[in-house]
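Colleague: below are the sequence and a predicted model for it; my questions follow.
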Amino acid sequence: MDQIFSFLSGGLTQASWWQIVLFTLVVTHITIAGVTIFLHRSQTHRGLDLHPAVMHFFRFWLWMTTGMVTKEWVAIHRKHHAKCEKEGDPHSPMLFGIWKVMFRGADLYRVESANKETMAKFGHGTPDDWLEQNIYSKHSLWGVLAMLAIDLALFGAIGLTVWAVQMAWIPFWAAGVVNGIGHYWGYRNYNSPDTSTNVFPWGIVIGGEELHNNHHAHGTSAKFSAKWYELDIGWGYIQILRFFGLAKVRKVAPKLKLESSGKAIDLRTLQGVITHRYEVMARYGEIIKTAVSEELTKLKPSHEDGTRLQRVRRWLSRNEDVLHPEQRAEVDKAIANNQSLSTLVQMRRELGRLWESSSASSEQLLHDLQAWCQRAQQSGIAGLEQFAHRLSRYAA
């Protein structure tokens, strides 16, 4: 009887509380690494290739610790990028609300995983071998039950708590925090046509997924960090795998090249602007923010134009693709009597057409860019003139 009570209280290891906590943090972090390196960067976006041994380790580990099916996760995430913030996005807080995505993200995942059309259209290229067909996909529950048995054997009754944390780890951090907060709160390096944000500049807890805006700007990049102060621990693990010949990076985000001032705008300039369009729009957004602040200081708080401008100021610097029609209408109304802001907004729309056009030739787009920069330099708006000068230095 004493042996039974001893086993129930401490399992085979008789571990102390801090050892149990350490074990839980280690195994959940391996799960996070499996999601970001294998499911996300390798399988979904093909940013890197993994050695078969590494691939199978992650497949096996995720089967044990999450019960997720590779094809389902990949298909749902690809659909999220294809339909981001629009009708059909499986888990956008803009559509479902932040709290539902935060705390019921796993439910949204399960609903979409039952959509056969999503699986057929977005789930191609994922593992389809004997193990996938007969074990991992067919019996996804077996793995998590095996993990429960292991936790109970190692730690006794407290192993049930360890297992519960393991099961909740991905639904909370990935489905909730990344898909919820990562489209709701944080900072943005790139003005991509969505609401994605970088939650923190140090991507540690969620393996680098915290740098969500960077990822949406360069979806196929295996590296999520962009600024010198940003840390992507998932990229660190990839570098270790590369060193041992266990991973091959296929794509990373292109680095911005600025040529010397005074050069003529040519096709390399055009290609550089289009390649770095989200960075371009982020810089343009800062110009509009500055202009709005300057206008608000000129207007009295009680002035009708000032009140209207204050109400729409956070929309003015956003990518217009994420604004609702009524929000765009409010923006237009708020700046109607302000020549400077109207010019800035109109020229931003014209600049965006450079990469939105699918039929114009390179020569036509180059002519449009040259004409745009010339008008900007003659606008009389200091910030816009400086922006056009910098834009002329971009190179592919």
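Modeller: Yep, it's here.
Colleague: find the nearest non-adjacent residue to Phe155, please.
Modeller: Gly11 (4.3 Å; CB to CB, 6 or more residues apart in numbering). No exception for glycine: its C-beta is placed from N, CA and C like everyone else's.
Colleague: I figured that neighbour was touching Leu160, is that so?
Modeller: No - applying CB atoms under 8 Å as the test, Gly11 and Leu160 come out as separate, 10.8 Å apart.
Colleague: ranges for the strands of the stretch 251-396 of the chain?
Modeller: Remark: strands assigned in the stretch 251-396 of the chain by DSSP state E, counting those that start in this stretch are 257-258, 394-395.
Colleague: can you lay out the ones you listed as CSV showing distance to Ala174, mean neighbour count and mean pLDDT?
Modeller: Supplementary listing: the strands of the stretch 251-396 of the chain in CSV, determined by distance: least, CB to CB, whole Å; neighbours: other CB atoms under 10 Å; pLDDT from 0 to 100:
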stretch, distance to Ala174, mean neighbour count, mean pLDDT
strand 257-258, 34, 12, 89
strand 394-395, 35, 20, 90
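Colleague: of those, which is nearest Gly285?
Modeller: Across these, the minimum distance to Gly285, taken as CB to CB, is reached by strand 394-395, at 16.9 Å.
Colleague: sketch out the low-pLDDT regions of this protein for me.
Modeller: Judged against pLDDT under 70, the low-scoring parts of the chain cover residues 1-3, 5, 7, 262, 300-303.
Colleague: where do the contact lists of Gly11 and Leu160 overlap?
Modeller: In the contact map built from CB atoms under 8 Å, 6 or more residues apart in numbering, the residues linked to both Gly11 and Leu160 are Leu152.
Colleague: the more surrounded of those two?
Modeller: The neighbour comparison of Gly11 against Leu160 (other CB atoms under 10 Å) goes to Gly11, with 21 against 13.
Colleague: quick one, helices of the stretch 201-350 of the chain?
Modeller: For the stretch 201-350 of the chain, the helices defined by DSSP state H, counting those that start in this stretch occupy 212-217, 233-243, 267-275, 277-298, 304-316, 325-335, 339-356.
Colleague: highest average neighbour count across the ones you listed?
Modeller: Among those, ranked by average contacts under mean count of other CB atoms under 10 Å, first place goes to helix 212-217 (a mean of 26).
Colleague: and for stretch 357-375, what are the contacting residues?
Modeller: When contacts are defined by CB under 8 Å, 6+ apart, stretch 357-375 is touched by residues 265-267, 269-270, 273, 347, 350-351, 353-354, 388, 391-392.
Colleague: what sits against Trp315?
Modeller: 323, 327, 330-331.
Colleague: farthest-separated two in these?
Modeller: Of all pairs drawn from those, the greatest distance, 9.1 Å, lies between Leu323 and Glu330 (CB to CB).
Colleague: identify the residue spatially nearest to Asn338, adjacent ones excluded.
Modeller: Here the residue nearest Asn338, using CB to CB, 6+ apart, is Glu295, at 6.2 Å.
Colleague: distance of that neighbour from Lys289?
Modeller: 11 Å (CB to CB, to the nearest Å).
Colleague: now Tyr136: closest residue in space, sequence neighbours ignored.
Modeller: Trp63 (5.0 Å).
Colleague: surely the one you found meets Gly143?
Modeller: Yes - contact between Trp63 and Gly143 holds when scored by CB under 8 Å: they sit 3.8 Å apart.
Colleague: who's more crowded, the two?
Modeller: Trp63 (26 against 20).
Colleague: now do the SS call for that one.
Modeller: In three-state terms, and counting by DSSP: H, G, I helix; E, B strand; the rest coil, Trp63 is helix.
Colleague: begin at 56 from here
Modeller: New numbering, starting at 56: the last item is Trp118.
Colleague: state the distance from it to Lys303.
Modeller: Noted for Trp118: a distance of 24 Å to Lys303, by CB to CB.
Colleague: and if you look at His331?
Modeller: His331 is 25 Å from Lys303, by CB to CB.
Colleague: of these two, who's got more company?
Modeller: Set side by side, His331 and Lys303 show unequal neighbour counts under other CB under 10 Å, the larger going to His331 at 24 against 13.
Colleague: ok, and the closest non-adjacent residue to that one?
Modeller: With CB to CB, 6+ apart as the criterion, His331 has its nearest non-adjacent residue at 5.5 Å, and that residue is Leu311.
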